[in-house]
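K.L.:
prediction below, plus the sequence it came from.
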Amino acid sequence: MKKKLLTHGKLYLYPAAVLFWLGVWAFLAWRIGQELLLPSPAQVWQSLCALAVTADFWQTLGLTLGRILAGCAIGMGLGVVLGFLTGVSRVLDIFLRPLVSVAQSTPVASLIILALIWLRKESVPVFAAALMTAPGLLHNARQGIAETPRELREMAQVFRVKPGRQLRLLYLPQVLPYVLSGCAGAIGFGWKAGVAAEVLSLPRQAVGTEIYHSKLYLDSPALFAWTAAVVLLSVLLEGAVKFALGRIRKGKEVRHD
Amino acid sequence: MIELRGIKKSFGEQQVLRGVSAVLPEKGPVALRGGSGSGKTTLLRILAGLESADSGEILGLDGKRVSYVFQEDRLLPRATALENAGIACEKSTARQWLERFGLGDSLNKKPDTMSGGMRRRVALARAFAFGGDVLLLDEPFNGLDADNIAVLTKETARFAQNGPVIFVNHGNDLLAPVHEIVIDGK
């Protein structure tokens, strides 16, 4: 009963919080009174509606989404494979650590500029999203391997279990929860890095390119509208990933029972 | 023939094995005796290749496949009884051994839905299904009822006709041993 009340409370609080901050935004925009510095929510909404009726808007969103999802998929795949390998090989772990540290501590803008020199501009957002998602997944997969009980590793050693079977029966079930928990966060990072890369690399038909042009032409409502579209898409994407992961987890539990 | 020569093992300051020497028979049951904490399990682990001795040597074990019933069941939590028992052999072999231990109708059960006795039988089935040249048994009776103790005794006797079975079992002997290794732990 108590839990139900709390859940209901939360349900009412979320829209209330959104409305509160929209109110703060509207108040500040009214006080400043300059569309260039801070457009009001209504002006941004109008701009977003004007954009949303064009096919170009949806095409641009779709292409950005495709680039960033491709980057996230590459980064996640790479991270999980390297996490597995560094989890089972101490030598490889030591060798890769400096590279991972450099990737994690180098400002993403520097890496994007470097990528601009190395790659075609359409590939830069893919690269940036991959680079931001891989280290987190690598860390999670490695941790999952490290947490595999020693007793079970010894059992596999005694019974000379083939590597493929060890992977499927011993390590994958152990690593999967760690990887799943890292996925939603990784997509968030990849999304931000991907859009930032688009702003710097300006590929054809990209949200980042539109944000850059809005800034260039001092079109603040359009800048806010594209940003709002990015935020909405990011929230939807993260929600979809969480939902999918929840289904995977639930499916595993049901099969487990 | 397997020969142990002056096996010593310490964990930090604590010396567990103080120079164990023995010549094991080609086949037959071998009882490993000693008080609690005397190092019996440590010696089994050394024989299984899971620990290395600080000094001493083991002769005649190279290239031999060692099967081991651990003190704990050590089953994969997300794998079925059949997958656990068949982790290192054909599924048909694992199925036969599970049936022999009375688990023919529980092949697809996972460890968390089994009783302690059932999990023990899966661990036994895994060790017998693997086969090997040497069988190590550490407290194999844990959680078994009289019927399954009889099955285990029979199968162990059968294994012992072809290779050595080294067992630790407080209380009753699994089989009348043809040899004993006594570890005093002092």
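P.N.:
Happy to help now that I have it.

K.L.:
make it CA atoms for all contacts and neighbour counts henceforth
P.N.:
Fine.

K.L.:
quick one: low-confidence parts of chain B?
P.N.:
B:171-174, B:185-186 (pLDDT under 70).

K.L.:
around chain A, which positions in chain B sit nearby?
P.N.:
Counting by CA under 8 Å from any CA of the partner chain, chain B comes close to chain A at B:48-50, B:66-68, B:74-76, B:78-79, B:87-88, B:110, B:113, B:130.

K.L.:
out of the residues you listed, who's the most crowded?
P.N.:
B:Tyr68 (30 neighbours; other CA atoms under 10 Å in any protein chain shown).

K.L.:
list phi and psi for it.
P.N.:
phi -140, psi 130 (degrees, to the nearest 10).

K.L.:
from chain A, how far out is the residue lying closest to it once chain neighbours are set aside?
P.N.:
Excluding its sequence neighbours, the residue lying closest to B:Tyr68 (CA to CA, 6 or more residues apart in numbering or on different chains) is B:Leu136, at 4.6 Å. Distance of B:Leu136 to chain A, given as CA to the nearest CA, to the nearest Å: 11 Å.

K.L.:
check contacts around B:Leu136.
P.N.:
B:44, B:48, B:66-69, B:165-167 (CA atoms under 8 Å, 6 or more residues apart in numbering or on different chains).

K.L.:
got the confidence number for the residue of the stretch 51-200 of chain A found nearest chain B?
P.N.:
Closest to chain B within the stretch 51-200 of chain A is A:Val161: 5.3 Å, counting by CA to the nearest CA. You'll see A:Val161 listed with a pLDDT of 94.

K.L.:
I figured A:Lys162 hits B:Gly86, correct?
P.N.:
No - between A:Lys162 and B:Gly86 there is no contact under CA atoms under 8 Å: 11.7 Å.

K.L.:
give me the more crowded residue out of these two.
P.N.:
B:Gly86 (24 against 12).

K.L.:
give me the nearest residue to the more buried one, chain neighbours excluded.
P.N.:
Using CA to CA, 6+ apart, the closest residue to B:Gly86 is B:Ala94 (4.8 Å).

K.L.:
can you tell me how far that neighbour sits from chain A?
P.N.:
From B:Ala94 to chain A the distance is 13 Å (CA to the nearest CA).

K.L.:
return the residues in contact with that residue.
P.N.:
B:82, B:85-86, B:125-126, B:129.

K.L.:
same deal with B:Ser106?
P.N.:
So B:Ser106 contacts B:Ala81 (CA under 8 Å, 6+ apart).

K.L.:
quick one on the thing from earlier: helix/strand/coil for the residue nearest to B:Tyr68?
P.N.:
strand (DSSP: H, G, I helix; E, B strand; the rest coil).

K.L.:
give me the contact list for the strand or helix carrying A:Arg165.
P.N.:
Here A:Arg165 is covered by helix A:163-165, with elements defined by DSSP states H and E. Applying CA under 8 Å, 6+ apart, the contact partners of helix A:163-165 are B:Ile87.

K.L.:
ok, the next helix or strand after it near chain B or not?
P.N.:
The helix or strand immediately downstream of helix A:163-165 is helix A:172-201, counting by DSSP H and E. Yes - Helix A:172-201 comes into contact with chain B (CA under 8 Å from any CA), by way of A:Pro173.

K.L.:
counting contacts, what elements does the helix or strand that helix A:172-201 is followed by pack onto?
P.N.:
Remark: after helix A:172-201, the chain's next helix or strand is helix A:207-216, criterion DSSP H and E. In terms of contacts (3 or more CA pairs under 8 Å, 6 or more residues apart in numbering or on different chains; DSSP states H and E), helix A:207-216 is packed against helix A:55-88, helix A:172-201, helix A:220-256.
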